[in-house]
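Colleague: Got a sequence here, can you model it:
(2 chains)
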Amino acid sequence: AQKITQTQPGMFVQEKEAVTLDCTYDTSDPSYGLFWYKQPSSGEMIFLIYQGSYDQQNATEGRYSLNFQKARKSANLVISASQLGDSAMYFCAMCWKTSYDKVIFGPGTSLSVIP
Amino acid sequence: GAGVSQSPSNKVTEKGKDVELRCDPISGHTALYWYRQSLGQGLEFLIYFQGNSAPDKSGLPSDRFSAERTGGSVSTLTIQRTQQEDSAVYLCASSLDLGRQLNQPQHFGDGTRLSIL
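Modeller: Sure, this is the predicted structure:
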């Protein structure tokens, strides 16, 4: 069964430093997509970055990059030059071709940026 | 353009009452999702619509929950005979067509915060 694991319930990072948020997943489907979303304390879910299972290069989007290691089934989010506004919950999510009617989310990681 | 709109933003009701939550997706988005998020938890998938049809309703927590979508647009999630454990934030999301293109992100509404007294 498809499953997403985020092993870090809470993380702290100093402002202006980089931080890596872990995400591992389990699927037997060769075609899938991975997403990261940010949820600030205000509650809205904000799409950050996408990685397809067949993408040759790691996705990047501004200060966000994805360290995609397909063989290890991991898709870690790297945030460079952390800002106070990055403090939020971060969710890793996955969809897959053979069951596109579902998108499953990991339990989330709470990131706190320290000034 | 307008994003995903959910109403009401907050709903407080007594145990045993029925509630109806509404989601208005982004225009042109054929895929629509409902999730439930309990306090401090991740997102629990409830149901997905492609157009007006929901191929799999097994994610709904109980038979007190039902959902429909009409005209390929607005969706309503109805909870009958509410229980205290139904208290949560109910999030709706839409996307262009996640089935054909995996890279379409979901756009979320602000959610309905439901409190059952």
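Colleague: Give the buried residues for stretch A:34-51.
Modeller: Going by neighbour count (16 or more other Cβ atoms under 10 Å in any protein chain shown), the buried part of stretch A:34-51 is A:34-39, A:44-45, A:47-51. The C-beta positions use only the backbone N, C-alpha and C, and glycine is treated the same way.
Colleague: who does the least confident helix or strand in chain A by mean pLDDT touch, helix- and strand-wise?
Modeller: When the helices and strands of chain A are scored by mean pLDDT, DSSP states H and E, strand A:104-105 comes last with a mean of 90. If contacts are counted by 3 or more Cβ pairs under 8 Å, 6 or more residues apart in numbering or on different chains; DSSP states H and E, strand A:104-105 sits against strand A:3-5, strand A:88-96, strand B:43-50.
Colleague: Break down the chain into its strands, ranges please.
Modeller: Going with chain A. A:3-5, A:10-14, A:19-21, A:24-26, A:32-39, A:46-52, A:60-61, A:64-69, A:74-79, A:88-96, A:104-105, A:109-114 (DSSP state E).
Colleague: Switch to chain B, please.
Modeller: Under DSSP E, chain B gives strands at B:5-7, B:10-13, B:19-24, B:31-37, B:43-50, B:65-69, B:75-79, B:88-95, B:107-108, B:112-116.
Colleague: Sheet partners, orientation included, of the shortest one?
Modeller: When sheet partners are counted by DSSP bridges, strand B:107-108 sits next to strand B:88-95 (antiparallel).
Colleague: Chain A contacts on chain B?
Modeller: When proximity is defined by Cβ under 8 Å from any Cβ of the partner chain, chain B lies next to chain A at B:33, B:35, B:41-43, B:45, B:48, B:50, B:55-56, B:59, B:89, B:91, B:93, B:98-99, B:102-103, B:105-108, B:110-111.
Colleague: Show me which helix or strand of chain B is least confident by mean pLDDT.
Modeller: strand B:43-50 (a mean of 90).
Colleague: Would you mind listing where chain B has pLDDT under the threshold?
Modeller: B:1, B:98-101 (pLDDT under 70).
Colleague: buried stuff in stretch B:22-37?
Modeller: Neighbour counts using 16+ other Cβ under 10 Å place B:23-26, B:29-37 of stretch B:22-37 among the buried residues.
Colleague: Is it possible to get a markdown table of the helices and strands packed on strand A:104-105 that adds mean neighbour count?
Modeller: Below are the helices and strands packed on strand A:104-105 laid out as a markdown table (neighbours: other Cβ atoms under 10 Å in any protein chain shown):
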| stretch | mean neighbour count |
| --- | --- |
| strand A:3-5 | 15 |
| strand A:88-96 | 24 |
| strand B:43-50 | 21 |
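Colleague: Tell me which of those strands lies nearest to B:Arg64.
Modeller: B:Arg64 lies closest to strand B:43-50 among the helices and strands packed on strand A:104-105, at 12.3 Å (Cβ to Cβ).
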